[in-house]
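> Need a 3D model of the sequence below.
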Amino acid sequence: MTVYFLLLVYIFAIAILIYRGGRPSKQKNKVFVVMSFLSIVILESLRAETVGIDTNDYIYIFNLINRYSWIDAFTVTKHEVGYVFLNKLVGTFTSNPQFMLFAVSLLMMMNFGYFIYHNTDENEYAIWPVYFWITLNHLFTSMVSLRQYLALSIAVNIYTVLKKEFNRKNVITSVILLLVAMSFHTSAIFCILYFVVLFIKQVDRKIILLTSVASAFILTFFSYFENLVLTLLPRYVRYREYQGRYVGRSITTINIVFILLKIAFAVLVFMLNPKREGNKDIYRLGCLSIISAEITTLTTQVYLLWRVGYYYDIFMILLIPKVLKRVSTRTLRVFCYIAMIMFGLLYYYRQMYYNSAQDVPYRVFF
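Residues are numbered from 1 along each chain as shown. Sure thing, here's the model as predicted:
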């Protein structure tokens, strides 16, 4: 656990050095994001094959793909073409699978860093979205779900692009991002809802309520929507055979906590003036937060949906600090920050304690 706690110490230390004696700025945020995610790339790239429940599988896939020619490599595995291409490309230069872990981590962190930097205003500190990215389980998941988190890191920047302006050029760029993301993990198709949320010029209280009603409707008639999705994506029908991963499970205490947290922040967003400068993006994030809570709830019907949840949970790292910054009373604002910092820290420890991702203990490969 020591290495992971030292990572937090490191990001707070560089935050003190970068932000000391002044307000945040885009330049300071850029330096902080680069230095933070560079340390994460090093952490993930140097890990041994015993760190991460699926690391051995990814090493095996890399070695398998690179036993074949470029043409045959795409037929020896069922993985998406983008991921096979990346493995083959890295394998062209080296047979060491450690470089594959480095390449995937570097691409992921560049994309996540871009997402955080461009969605953190110049008067906001980038440390908070980075801190919540680490503590709310994105760090550990990025070490075990390489394909999907690489897809997520690409797809999430659809939000970055369309937030600027929903025009033809940006839509085309976003469609390309979606297709590239799907080439690493087909489940990225569920990011299509990003387009819907960002198409709405003014997300206000009515849209928040409509999203809530739609979520309740889907939950009530979920079986019909389930059949529709499996008709559109027949490759996922086979997952019904894996009852342990497909059949819904009883909702856990930690899931209830996260559902309540997401709803609570959506309610706080609802209390803000949607027409006030800076609140437009917060309302969009609040809308995505409701969708995230809905997906977490739907895992009681189909457990596999927790994978879809990744694509919407990620927006909480932006929403939490943006809402806390708008708490009017300074004393209450400080209390809320401390509460969320402690929540993140405790959840971070919980993930290491239960160690379902097998990221603990951390060992280097040499």
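> Checking the residue nearest to Gly278 when sequence neighbours are not counted next. Helix, strand or coil?
Nearest residue to Gly278 in three dimensions, chain neighbours excluded: Asp121, at 7.1 Å (Cβ to Cβ, 6 or more residues apart in numbering). Just so you know, the C-beta spots here come from the backbone N, C-alpha and C atoms, and that holds for glycine as well. Three-state secondary structure (criterion: DSSP: H, G, I helix; E, B strand; the rest coil) places Asp121 in coil.
> How much space separates Asp121 from Ile14?
According to Cβ to Cβ, to the nearest Å, Asp121 stands 20 Å off from Ile14.
> same question, Asn63
37 Å.
> swap in Leu210?
Where Ile14 is concerned, Leu210 sits at a distance of 42 Å (Cβ to Cβ).
> how about low-confidence regions in the stretch 151-300 of the chain?
For the stretch 151-300 of the chain, the stretches with pLDDT under 70 are 235-249.
> now do the stretch 1-150 of the chain
Checking the stretch 1-150 of the chain against pLDDT under 70 turns up nothing.
> and Met100, what element?
Assigned by DSSP states H and E, Met100 belongs to helix 98-118.
> And the next helix or strand past that helix?
By DSSP H and E, the next helix or strand past helix 98-118 is helix 127-133.
> Same question for that following helix: list its buried residues.
Residues of helix 127-133 classed as buried by neighbour count (16 or more other Cβ atoms under 10 Å): 127-133.
> Same question for stretch 34-48.
Neighbour count says stretch 34-48 has 35-37, 39-41, 43-47 buried, by 16+ other Cβ under 10 Å.
> Just the CA coordinates for it, please, in CSV.
Extracted in CSV, the C-alpha atoms of stretch 34-48 (Å, rounded to 0.1, in the frame of the first residue of the first chain):
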residue,chain,number,x,y,z
VAL,A,34,1.7,16.7,-16.6
MET,A,35,3.7,16.0,-13.5
SER,A,36,0.9,14.0,-11.8
PHE,A,37,0.1,11.8,-14.7
LEU,A,38,3.8,11.3,-15.6
SER,A,39,4.3,9.7,-12.2
ILE,A,40,1.3,7.5,-12.8
VAL,A,41,2.7,6.3,-16.1
ILE,A,42,5.9,5.4,-14.4
LEU,A,43,4.0,3.6,-11.6
GLU,A,44,1.9,1.6,-14.1
SER,A,45,4.7,0.8,-16.5
LEU,A,46,7.2,-0.5,-13.9
ARG,A,47,4.7,-2.9,-12.3
ALA,A,48,5.4,-6.6,-12.2
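> Number the chain from 45, please
Renumbered: residue one is now 45, and that last one reads stretch 78-92.
> so what's the residue nearest to the spatial centre of the chain closest to, chain neighbours aside?
Among the residues of the chain, the one closest to the centroid is Ile358, at 3.7 Å (Cα atoms, centre = their mean). Closest residue to Ile358 apart from its sequence neighbours, by Cβ to Cβ, 6+ apart: Val200 at 5.6 Å.
> got a list of what the one you found touches?
155-156, 159, 235, 355, 358 (Cβ atoms under 8 Å, 6 or more residues apart in numbering).
> Longest helix of this structure, counting residues only.
Counting residues, the longest helix in the chain under DSSP state H turns out to be helix 374-398.
> Now do it: which elements does it pack against?
Identification of packing neighbours for helix 374-398 by 3 or more Cβ pairs under 8 Å, 6 or more residues apart in numbering; DSSP states H and E yields helix 46-63, helix 171-177, helix 297-315, helix 360-369.
> what is the orientation angle of it with helix 46-63?
In terms of direction (axes from the mean of the first three to the mean of the last three Cα atoms, to 10 degrees), helix 374-398 departs from helix 46-63 by 150 degrees.
> Let me have the contacts of Val200 in TSV, extended by distance to Ala308.
Output for those, formatted as TSV (distance: Cβ to Cβ, whole Å):
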residue	distance to Ala308
Asn155	29
Phe156	25
Phe159	24
Cys235	25
Tyr355	21
Ile358	18
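> That's all I had, so thanks and see you.
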